[in-house]
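Trainee: build me a model:
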Amino acid sequence: MNKDFKFTIKSVCFDENYQPSDNTRITTNFANLARGKSRQENLRNTLKMIDNRFNALAHWDNPKGDRYTLELEIISVEMNIDVQSSGNALPLIEILKPTIVDRETKQRIAGIVGNNFSSYVRDYDFSVLLQGHNKNQPSFSTPDNFGDLHGKLFKCFVNSDTYTEHFNKPPVICLSVSSSKAYQRTDHQHAVLGFEYQQDEYSLTDEYFNKMGLQVRYFMPPNSVAPLAFYFSGDLLNDYTDLELISTISTMDTFQKIYRPEIYNANSVAGLSYRPSLQHQDYSLTRIVYDREERSQLALEQGKFVEEHFIKPYQATLEQWSANYAL
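Mentor: Next comes the predicted model:
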């Protein structure tokens, strides 16, 4: 059944001149930054923050703190159910691909693809399916097989020839920790990832990403104020170099300071026992304009879009494919 799905990859540079195309999944956070009168200043400041964070972490043989710069590409993955037709491709996911530029050696080093993760089907699952399921329920629950289709679509892409032709290592997705869970700091400390945190119970997002074939570990990198959630397959600590890990940390630590300043730009550092909160008031704002309320509204709109143009029209095909899909 896998041969029935065809994946196409498109990319665009995320730089100070970036302008989202009309068919970009506009709830994508980096697209949000690139709109409005402050768009170019937003982008320039964001990229500078990323470079500063990278050089602070890659401090060896870097006395002036300016040896490295990151180039970012937005990778858009389209999926076509009917391989005989190219007119009904769905923009399935968007991820980031960093390239590390060593100004001293002139070397270009591939970073880890992944970072930010945006998905139309995930918008549908969380903003339409899950909300509808719980609308009149006395207690929160998830629908049967919640996340199964999305997980199989993601694994199908990562295991496709299209993925291996473009990327040489599995993806790593880096997100905020859950505000509904408590995290405990361990004695384990990694040179780049920092102190590891653990929790007793996975969040709904953790379980959702597990269905995508990704496990999770939580680390608070040096000079960060809160742990990040790293979703990966394989061995996070040994499959990637320090510079590759730093490319992910510097990118997502910067974005989280913009998206969730209450957690990641707080004026106090997470302690041994930590419960993140978006109600926290002791934090600093970046100089970057980001409309979080608009993003939430767009997630619902685009969840309805994928329901109308993908889930309902191809429901029988998708159910049959999902029932038979196996690696």
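Trainee: quick check, residue 148 in contact with residue 319.
Mentor: No - if you go by CB atoms under 8 Å, residue 148 and residue 319 don't touch, sitting 10.2 Å apart. Using the backbone N, CA and C atoms, a C-beta is placed for each residue, glycine as well.
Trainee: more neighbours, the two?
Mentor: Using other CB atoms under 10 Å as the criterion, residue 148 and residue 319 rank with residue 148 on top: 15 against 12.
Trainee: report the separation between that one and residue 318.
Mentor: Distance, residue 148 to residue 318, using CB to CB, to the nearest Å: 10 Å.
Trainee: same deal with residue 266?
Mentor: Distance of residue 266 to residue 318, computed by CB to CB: 42 Å.
Trainee: do the same with residue 213
Mentor: To residue 318, residue 213 is 18 Å away according to CB to CB.
Trainee: with residue 236 instead?
Mentor: Counting by CB to CB - residue 236 and residue 318 are separated by 31 Å.
Trainee: likewise for residue 121?
Mentor: 10 Å.
Trainee: pretty sure residue 38 contacts residue 46?
Mentor: No - Residue 38 sits out of contact with residue 46 when judged by CB under 8 Å, with a separation of 11.1 Å.
Trainee: looking at the protein, which helix or strand is least sure?
Mentor: Taking mean pLDDT, DSSP states H and E as the measure, the chain has helix 29-33 as its least confident helix or strand, at a mean of 61.
Trainee: name the nearest residue to residue 66, sequence neighbours excluded.
Mentor: Leaving aside its sequence neighbours, residue 66 sits nearest to residue 55 (CB to CB, 6 or more residues apart in numbering; 6.1 Å).
Trainee: you'd agree that neighbour is up against residue 65?
Mentor: Yes - with contacts counted by CB under 8 Å, residue 55 reaches residue 65, the gap being 4.5 Å.
Trainee: if you count surrounding residues, which of the two has more?
Mentor: Using other CB under 10 Å, the more surrounded residue of residue 55 and residue 65 is residue 55, with 19 against 13.
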